[in-house]
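Next comes the sequence, and after it the predicted model I'd like to discuss.
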Amino acid sequence: MKAAVFYGAGDLRVEERPMPKAGPGQMVVKIDYCGICGTDVEAYQHEIVKPVIVLGHENVGTVYQVGEGVTRFKVGDKVLCGPPSYCKENCTYCREGRPNICAYGFPRTNGIGGPDGGYAEYMLVGDVEHTMIIPVPDGVDEKDAVLFDVICVSLHALRRSNFKFGDNVVISGGGPIGLAAIQIAKAAGARRIVALETDDAKFPRLKEYGADYCINVRTCQDVGGEIRKALGNEDGADVTLECSGRQESLITCIFQAAKNGSQVILVGIVGEPLSQLSLAPVIPREIDLISSFVYTPEEIELYLDMLASGKIRFPGMVTDIIGLDDVVEKGVARQDRRGQLKILLDPSM
Ligand SMILES: [Zn+2]
Ligand SMILES: [Zn+2]
C-alpha cells in the first residue's frame, strides 16, 4: 500500500509499505479521508513530530479487518479515528473524566505521537480499546465527520468556559478553528459575536458562520473601542477565545477584548515566547486565562449528533481534496494558503 512517510523537517516521502495486519485487539482501517492539520504543517517545517512516522491524525475510514477480541466494531463500519488516545483508567485525569489530558495518551496517538497515521491507504489501530474511535452516524458525510479535529477543539474550548446564553463573545483568528468557534458560539446562543482578523478577505465567511461584526486588527486604529461599539457596551466581552496562536492576538484578547472578571480561553497554540506581555495589569482585573486542549470522545459524538440534526453546519470548510502524490506540494508544503481552510487527503485518488 501507499503511504506518506515523514523522515524529518522538509522530508516527506510517498512510499510503498507492507499492508498492515490486525493482531489481537487491533484493527485495520481503510482511510477514506485524512485531514491535513496545522500540526502536520508544523511538523514538516520544524520537526515537532518525531520521525520516522506516517503522519495523519484526523482520520475517517472504513473498518477493513478486525483482530481477535475486537467486538465493538465490524468490517464495513464507518469510523472516525483520531487523537488523542487515552489510558482510560490508569491516570488521574482519565479517572477524573478528562481523557483529553491523559498522562499517557499522546505517545500512542496514531500519526502524531507514536504509531503510523492516516496519510496512507490503510492504517493499523494498534490498541482499539485505548484509541478514540467513534462510529460515523448514518446520514453524516464523511467529509464533514472528518472535520472533528477542528470543530471539537472549538467546541471543547467553549465548554471549558463559563459561557452562558446571551453572553458577548470575541473570537480572534479567522482560520478553521476560529470559524468553528463562531458557529458554535452562535448555536450556543451568544448575544453578539465579534471576530478579529488581519485579512478583510475572510470577513464574508466569518459573517456567514455567525460573526455579527468583523474587525481588522491590523488596520483598525482603536480595536478596544471598536469592540465595545460592536458589543454595545463599555466593558468588553464575557468570553474571549484566542484562536490564532499569535502573540499579538493574545495581547489584544487580554487587553482590548476581555471585560474585567472575564475569561480568555487559549485555543490557538501561541508558540513564541511572550516577550511583550506583562501580566501585572491583568491581576487587578481578575482575568482568567484558561488553556484548552483537544476534546473528549463524548464531544466528538456531540459534534456528530448536532451536525446530523443540522444545528451546526460548516459549509465551505473543506477547500481542497488531494491525493497522496500531492501531499507535499498541495498539502504540507503548499505555498499559497490564502483562501484555503481544510485540505483533505483522499488516498484513493
Ligand atoms: Zn489536528
Ligand atoms: Zn489516562
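On my side now, so go ahead. Ligands and ions are numbered 1, 2, ... in the order given.

Which parts of the stretch 151-300 of the chain are strands?
169-172, 193-197, 213-216, 237-242, 258-266, 288-291 (DSSP state E, counting those that start in this stretch).

would TSV of those with mean neighbour count, mean pLDDT and distance to ligand 2 be doable?
Every C-beta, even on glycine, is put in place using the N, C-alpha and C of the backbone. Listed next are the strands of the stretch 151-300 of the chain as TSV, based on neighbours: other Cβ atoms under 10 Å; pLDDT from 0 to 100; distance: least, Cβ to the ion, whole Å:
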stretch	mean neighbour count	mean pLDDT	distance to ligand 2
strand 169-172	32	98	30
strand 193-197	27	98	35
strand 213-216	19	98	40
strand 237-242	28	98	26
strand 258-266	20	98	22
strand 288-291	14	96	18
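
Now render the ones you listed as a markdown table, adding distance to residue 39.
Converted to a markdown table, those look like this (distance: least, Cβ to Cβ, whole Å):
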| stretch | distance to residue 39 |
| --- | --- |
| strand 169-172 | 20 |
| strand 193-197 | 22 |
| strand 213-216 | 27 |
| strand 237-242 | 17 |
| strand 258-266 | 16 |
| strand 288-291 | 16 |
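
out of these, nearest to residue 133?
Nearest to residue 133, of all the strands of the stretch 151-300 of the chain, is strand 288-291, at 26.1 Å by Cβ to Cβ.

tell me the domain ranges of the protein?
The record's domain split for the chain, according to automatic domain parsing, is 2-147+317-345, 151-291.

Quick one: end-to-end distance for the first one.
Start-to-end span of domain 2-147+317-345 (Cα to Cα, to the nearest Å) is 13 Å.

Ok, the last one next?
In domain 151-291, first residue to last residue: 17 Å (Cα to Cα).

hang on, the earlier thing: can you tell me which of the domains of the chain comes nearest to residue 306?
Nearest to residue 306, of all the domains of the chain, is domain 151-291, at 7.2 Å by Cβ to Cβ.

how far out from the middle of the chain is that closest one?
17 Å (Cα atoms, centre = their mean, to the nearest Å).

Could you do stretch 20-29 as well?
That offset, for stretch 20-29, works out to 27 Å (Cα atoms, centre = their mean).

right, and residue 108 touches residue 115 too?
Yes. Using Cβ atoms under 8 Å, residue 108 makes contact with residue 115 at a distance of 6.6 Å.

Now list whatever residues contact both of the two.
Listed as contacting both residue 108 and residue 115 by Cβ atoms under 8 Å, 6 or more residues apart in numbering are residue 126.

for the record, mean pLDDT for stretch 308-324?
On average, the pLDDT along stretch 308-324 is 96.

can you put the domains of the chain in CSV and add distance to ligand 1?
Output for the domains of the chain, formatted as CSV (distance: least, Cβ to the ion, whole Å):
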stretch, distance to ligand 1
domain 2-147+317-345, 3
domain 151-291, 8
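
Figure out which of those is closest to residue 307.
domain 2-147+317-345 (5.9 Å).

near ligand 2 at all, that closest one?
Yes. Judged by Cβ under 5 Å from the ion, domain 2-147+317-345 and ligand 2 are in contact via 86, 87, 91, 94, 102.
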